[in-house]
Structures are given as C-alpha cells and as structure tokens.
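>>> Next input, structure requested:
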Amino acid sequence: MIDAKIYAVRANYDAYYNWWFLENLLIGANGEPVWKRRRRQLGMGVPPRAEVERDEAEAKQLARKLTREQGHDFDIAALGENGQSSTMLKLSKAYLASRRREDEEAVMFVEGKRRHAGTVAPPRTAITAGSEEDADDIHRALQELPYLRTIVVGRGVSRSLAHSTDGLNWRRLTNGYISRQAATWEHRARIADAFGLQPAQHWGRTKAAIRKMLLPRAIDMLQLQPMKEMLADMMITKMAA
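Model (predicted):
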C-alpha cells in the first residue's frame with residue numbers, strides 16, 4: 001500500500017501530451033520513493049483528472065508552492081543531520097535528484113540558445129517539406145529556435161516527427177500517430193540540436209557530452225554576479241521547499 005503522505009511536488013513535462021503534469025513524491029508500496037501524478041477529484045461519479053499546466057513557469061511555481069504547503073515532514077536542510085531515517089534520506093535524494101536534473105537541463109537550454117543568438121531562421125520560401133502545412137509548422141518552430149533539426153509537425157493523430165540535416169529540406173520520419181518516444185526526442189532536440197548532438201541517442205550520454213562542452217563556460221558563468229544570485233535563490237527555494 002502506498003503511503004498517502006505527500007513529501008514534495010514537482011512539475012514533470014510529458015512531451016506526448018504537451019502538458020506539465022504535477023506529481024507527488026510519496027513512499028511506494030515497497031517502501032521506496034515514487035513520483036505519482038496528482039489527480040483532482042471533481043465530484044461524485046466523475047473520474048479524477050490529472051493536475052496539469054500548459055505553461056512551464058506556472059507549473060514549476062505551483063509545484064514549489066504545493067511543496068511548501070503540503071510537504072509532510074520533509075526538511076531538505078536536515079539532509080546531513082545525524083539520526084535522519086533511511087526513508088527520509090531516500091526521499092531527500094529523490095527530490096534533490098529531480099531538482100538537479102531540472103536545473104541542469106534548464107542551464108543547458110539557456111546556454112544552447114545563447115550559442116545560436118546570431119542564427120537567423122530561414123525564410124518560409126526556403127523551406128521544403130512534404131506539404132505546405134508541414135512547412136508552415138517548421139517555419140513557426142524555427143522562428144523561436146532556428147537551430148532545430150527535429151520538429152513535430154501536424155495536429156492531433158496526424159502528428160509526426162520531421163527531420164532535416166540542413167534546416168531547409170525536411171521530411172517526415174513517420175506518418176501520423178506519433179509515438180511517445182518520438183515526442184520525447186522532439187522535446188530533447190531543444191537542447192541536443194543546439195550542441196550538434198542527436199536527441200534520439202542515449203540521453204544520459206548526450207548530457208554528459210554537453211557537460212564537457214560547457215565546463216569552461218560553466219566556470220566563467222559561476223563568476224558572474226547574476227549567476228551567483230540565481231544560485232542563491234535556488235538554494236533558498238530548495239531550503240524552503
């Protein structure tokens with residue numbers, strides 16, 4: 001039986017649905033920490049619905065707020081204190097691991113965009129794809145992130161993953177019914193494509209390669225006052241969470 005006590009809340013992105021799902025950190029039936037999607041009870045006879053947000057910033061802000069309000073005996077500051085139970089230690093590690101991943105990928109995304117600050121998206125007339133609708137979708141995506149080489153095109157069940165090697169000539173990799181894996185690749189492309197890496201490759205190894213690229217830059221960034229202030233704010237948030 002899962003312990004119903006909530007120890008923390010996070011916002012986790014599901015690329016297939018394109019929603020940020022709020023998830024509770026609980027103690028699972030096996031005694032191990034587990035993240036479970038929050039579900040709101042709407043009324044008698046109505047199935048509970050997952051709590052979701054479309055906007056990333058709003059989802060993460062809400063997750064931090066819920067952690068402060070509903071977190072049960074979850075003290076990040078006590079992580080190094082003697083006498084902390086094994087279960088609490090596991091919960092702390094699960095929470096911090098999730099936050100580290102979130103923070104790291106956010107930094108990688110920002111740095112990737114910075115590296116392409118001078119990149120100009122191609123005009124619509126230069127883009128070729130399987131259909132005019134696909135070309136329109138690709139053009140819109142490139143207006144925001146001109147370095148992308150993997151983009152989801154289409155709507156609903158007709159969605160598909162499109163790929164290009166030069167940013168001009170695009171082709172669909174599948175026809176309709178995009179898979180969860182393909183949707184995840186498209187989301188990871190926001191980071192991987194910025195560094196010339198493949199979003200479909202092992203994500204852990206891809207991020208390890210990016211860390212090596214960023215190491216000199218990361219050292220410089222840590223010396224900047226804005227970065228020091230951001231890290232300080234992050235620590236305060238984690239202590240309060």
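>>> Next up, the contacts around the closest residue in space to A8 that isn't next to it in sequence.
Ranked by CB to CB, 6 or more residues apart in numbering and with sequence neighbours excluded, the top spatial neighbour of A8 is L25, at 4.1 Å. C-beta here means a position set from N, CA and C on the backbone, and glycine is covered the same way. Counting by CB atoms under 8 Å, 6 or more residues apart in numbering, L25 touches 6-10, 33-35, 74, 91, 94-95, 98.
>>> Provide the strand pairings for the strand or helix carrying L25, with the direction of each partner.
Following DSSP states H and E, one finds L25 within strand 19-27. On the basis of DSSP bridges, the sheet neighbours of strand 19-27 come out as strand 3-14 (antiparallel), strand 33-37 (antiparallel), strand 52-53 (antiparallel).
>>> Now do the buried residues in that strand.
For strand 19-27, a neighbour-count test (16 or more other CB atoms under 10 Å) marks W19, W20, F21, L22, E23, N24, L25, L26, I27 as buried.
>>> Pick out the most distant pair among these.
Of all pairs drawn from the buried residues of strand 19-27, the greatest distance, 25.8 Å, lies between W19 and I27 (CB to CB).
>>> Any buried residues in stretch 93-106, and which?
So for stretch 93-106, counting by 16+ other CB under 10 Å, buried means A94, Y95, S98, R99, E102, E105.
>>> my bad, stretch 154-167
Under 16+ other CB under 10 Å, the buried positions of stretch 154-167 are G154, R159, S160, L161, A162, H163, S164, G167.
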